[in-house]
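Undergrad: Predicted model follows, preceded by the sequence.
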Number of protein chains: 2
Amino acid sequence: MTGKLRISDVAKHAGVSPATVSRVMNGNPKVDPGLVARVQAAAEELGYTASPLARSLALGKTQTITVLVPDLGNPTFQGVLRTLSRSAAADGYHVLVADSAEVAADEASLAVDARRRTDGIVLVAPRMADDELDALLPRLAPAVLVNRPPHESAPVVAADYAGGLRELIEHLHDLGHRHILFLAGVPGSASNARRLAAIAGARADHPDLVLDEAACGTGFADGAAAVDAVRGSGATAVLAYNDLVAMGLLSALHDAGIAVPADVSVTGFDGIPFAPYTTPPLTTAAVPTDRMGERAWAAMRALLDGDDAPSPEVFAPVLAVRGSTAPPRA
Amino acid sequence: MTGKLRISDVAKHAGVSPATVSRVMNGNPKVDPGLVARVQAAAEELGYTASPLARSLALGKTQTITVLVPDLGNPTFQGVLRTLSRSAAADGYHVLVADSAEVAADEASLAVDARRRTDGIVLVAPRMADDELDALLPRLAPAVLVNRPPHESAPVVAADYAGGLRELIEHLHDLGHRHILFLAGVPGSASNARRLAAIAGARADHPDLVLDEAACGTGFADGAAAVDAVRGSGATAVLAYNDLVAMGLLSALHDAGIAVPADVSVTGFDGIPFAPYTTPPLTTAAVPTDRMGERAWAAMRALLDGDDAPSPEVFAPVLAVRGSTAPPRA
DNA sequence: CGATCGCAAGAAACCGCTTTCACGCGTATG
DNA sequence: CATACGCGTGAAAGCGGTTTCTTGCGATCG
């Protein structure tokens, strides 16, 4: 029924030219009201809707943007994607998702490929190397970057990882912890780098604080595997790279009979929806993925509308103090 | 550089007609090898890639499918989406996501709208009413349904909710539980209906079993809010509607000083990635979202290729027994 | 009252690619 | 040696819209 209707069918049915139908469908104000009514009636009757494809080709706009994420399974990216998608939908835009499956090598070609069939791209690629990104961006514009340092050729929407981590450290320090272990993420990653910077800064601020690092990772399993490192470190508190790592660790600590927060305090990072529901509830720095997704869309929208590019926006994570942190054992 | 290249540019540069360039780009075998080389060289040199848009219009295929989910934030849908997206990508297809934001009213128009700019749609709409779906499907074809009962006009990929729930019930019964409380989901939902059927079946099988139901919901907060219902029920075990509800409940029980599994056993459903990392680890029926996503794509691919529609595939959840269940207090 | 202006609707060009169709070539055939 | 045939290439007609350009009409002005 609605399958193979062309604009000419409507034109014929209404006794006008395709051009007029097009004008009516697009709300062009200088068409005779009588014709408008006739065309609308015809379109209604036939159940006609313009082919988005043909429209896109003619207009050079697809009303669609690409969102590239490293892993659709990761709660942090999901939060951004979710709000982004809804914000875009509210403006009549669609979202094409691309999942690089954490394979950095394919990321570039994947991005270019997906970008070509849309009007712009939001790049969530915290692991991509700076120079690769620089080389890629010109071919992607308009593009918006999520969770990367400020960049000259594209708006950035990012969480303040360093700041968030500092807050967590202050929180632990206030509680009386003087020996803290940081479980690091992926060495190459931009987000990891910024957290390491925060670690360095905290060391400078608190000479009385011992701040160790241990290689870890970014997933449950990595956190669980870190239990020995934690036990052997002698630290009274652990800063997990993110909430996933913290959850894995929490679970492994429980199995090992190590009480949280009595024996050791644990913090996460990101504030995923599950954080309040771990046992004990996880103290974490909650990244406002909702607002970030919304702002990322706003930035993209501005680019698409030709408005001047918005300046970088960084969002301060909010400290969510819960049951997984407490003063160290006296 | 790569911006405004048309096929005619390449044609001119190679000294041939656009038609020939097209043939070469599409690997048409009956072009003179010499020309092929010349055209390829020209394309390479100019960095030309055919406009996907124009191509789509001419071919009537977009190499893109729509995936409609009720909520991008829900881990269960994410699992399916993730694998689906990757499977599609492996076949050179792209994925347009639409998030109905749980607003059933918009779902239909959203689906039609998104569908029109792609070659097919995968519908994850467990809450949509049957008659609405029936009315909608003709306008969406080709379509694949996820987590719905078998349907005549579209392939279905679904988890066996009833079977999974039965397994959980058997597990609890085997442990010795004789009074179980089921926390139900959304009344209208198809998945909920099938679980209720399983409840009824279990009652028939086990006359010695008291199986209560309580209205609940599908999220963390719903589970947490159910703590009083659980406490007041006198049940020794709780079947949460899904893992999210179970986690919310677990957390609230902990706060209330009710020990799991000592005082009460708790089970989830879905087997989200977080389930093993709750405290205690959650016994659940793990839905194989990976295989489902993969099969959903396979079904869609078959439809797109005109192969005969695959028959409904239902996946048995696998029982994952963990620490949240134990024999009832003696 | 005739020439000009304004304006709305139709004709046609265009978006960029694919594919049928027509053509001209070289070779096999009668 | 002329006609038919096969084959590869270019020309042109779509795919389904939008938009510029042109045209014809009625209204206005001199």
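TA: Great, that's in hand.

Undergrad: At the contact with DNA strand D, which residues of chain A appear?
TA: For chain A, the residues in contact with DNA strand D (C-beta under 7 Å from any atom of the strand) are A:4-8, A:18-19, A:21-23, A:25-26, A:48, A:50-51, A:53-55, A:57-59. Just so you know, the C-beta spots here come from the backbone N, C-alpha and C atoms, and that holds for glycine as well.

Undergrad: Sketch out the strands for the stretch 201-330 of chain A, chain order is fine.
TA: A:210-215, A:237-239, A:265-267, A:284-286, A:313-315, A:318-320 (DSSP state E, counting those that start in this stretch).

Undergrad: Reformat those strands as TSV; add mean pLDDT.
TA: Conversion of the strands of the stretch 201-330 of chain A to TSV gives the following (pLDDT from 0 to 100):
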stretch	mean pLDDT
strand A:210-215	92
strand A:237-239	96
strand A:265-267	97
strand A:284-286	97
strand A:313-315	93
strand A:318-320	96
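
Undergrad: Columns mean neighbour count on top of those strands, output as TSV?
TA: Converted to TSV, the strands of the stretch 201-330 of chain A look like this (neighbours: other C-beta atoms under 10 Å in any protein chain shown):
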stretch	mean neighbour count
strand A:210-215	15
strand A:237-239	30
strand A:265-267	28
strand A:284-286	25
strand A:313-315	17
strand A:318-320	15
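
Undergrad: As JSON lines, the ones you listed with distance to A:Asp134 would be great.
TA: Conversion of these to JSON lines gives the following (distance: least, C-beta to C-beta, whole Å):
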{"stretch": "strand A:210-215", "distance to A:Asp134": "28"}
{"stretch": "strand A:237-239", "distance to A:Asp134": "31"}
{"stretch": "strand A:265-267", "distance to A:Asp134": "34"}
{"stretch": "strand A:284-286", "distance to A:Asp134": "29"}
{"stretch": "strand A:313-315", "distance to A:Asp134": "20"}
{"stretch": "strand A:318-320", "distance to A:Asp134": "32"}
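
Undergrad: Between these, which one is closest to chain B.
TA: Chain B lies closest to strand A:265-267 among these, at 12.0 Å (C-beta to the nearest C-beta).

Undergrad: Excluding its own residues, what touches the closest one? List them.
TA: Residues outside strand A:265-267 that contact it (C-beta atoms under 8 Å, 6 or more residues apart in numbering or on different chains): A:168, A:171-172, A:175, A:177, A:236-240, A:246, A:249-250, A:253, A:260, A:282-285, A:324-326, A:328.

Undergrad: so what's A:Pro280 closest to, chain neighbours aside?
TA: Of all residues not flanking A:Pro280 in the chain, A:Gly323 sits nearest, at 3.3 Å (C-beta to C-beta, 6 or more residues apart in numbering or on different chains).

Undergrad: what's the answer for A:His151, then?
TA: The spatial neighbour of A:His151 that comes closest, neighbours along the chain excluded (C-beta to C-beta, 6+ apart), is A:Leu145 at 5.7 Å.

Undergrad: Who are the packing partners of whichever helix or strand the one you found is part of?
TA: Under the criterion of DSSP states H and E, A:Leu145 resides in strand A:143-146. The criterion is 3 or more C-beta pairs under 8 Å, 6 or more residues apart in numbering or on different chains; DSSP states H and E, and the helices and strands that strand A:143-146 contacts are strand A:121-124, strand A:156-159, helix A:289-305.

Undergrad: Quick check: buried residues in the helix or strand encompassing A:Leu172?
TA: Using DSSP H and E, A:Leu172 maps to helix A:161-175. Of the residues in helix A:161-175, A:161-169, A:171-173, A:175 count as buried by neighbour count, 16 or more other C-beta atoms under 10 Å in any protein chain shown.

Undergrad: Just the buried residues out of the residues of chain A next to DNA strand D, in ChimeraX syntax.
TA: Only the buried members of the residues of chain A next to DNA strand D enter the following ChimeraX selection, criterion being 16+ other C-beta under 10 Å:
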select /A:5,7,21,22,23,25,48,50,51,53,55,57
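
Undergrad: Return only those of the residues of chain A next to DNA strand D found close to chain B.
TA: With respect to chain B, and counting by C-beta under 8 Å from any C-beta of the partner chain, the subset of the residues of chain A next to DNA strand D in contact is A:51, A:53-54, A:57.

Undergrad: Pick the most buried one from the helices and strands packed on strand A:143-146.
TA: Scoring those by mean neighbour count under mean count of other C-beta atoms under 10 Å in any protein chain shown gives strand A:121-124 as the most buried, with a mean of 26.

Undergrad: immediately after that strand, which helix or strand?
TA: Sequence order places helix A:130-140 as the next helix or strand after strand A:121-124, per DSSP H and E.

Undergrad: Quick one: residues in contact with that next one.
TA: Contacts of helix A:130-140 with the rest of the structure, by C-beta under 8 Å, 6+ apart, involve A:108, A:111-112, A:115, A:121, A:123, A:125, A:128, A:143, A:145, A:148, A:151, A:153-154, A:190, B:1-2.

Undergrad: do that again at 7 Å, thanks
TA: Applying C-beta atoms under 7 Å, 6 or more residues apart in numbering or on different chains, the set of residues contacting helix A:130-140 from outside is A:108, A:111-112, A:115, A:121, A:143, A:153-154, B:2.

Undergrad: farthest pair in the residues you listed?
TA: The two members of the contacts of helix A:130-140 with the most space between them (C-beta to C-beta) are A:Ala154 and B:Thr2, at 17.1 Å.
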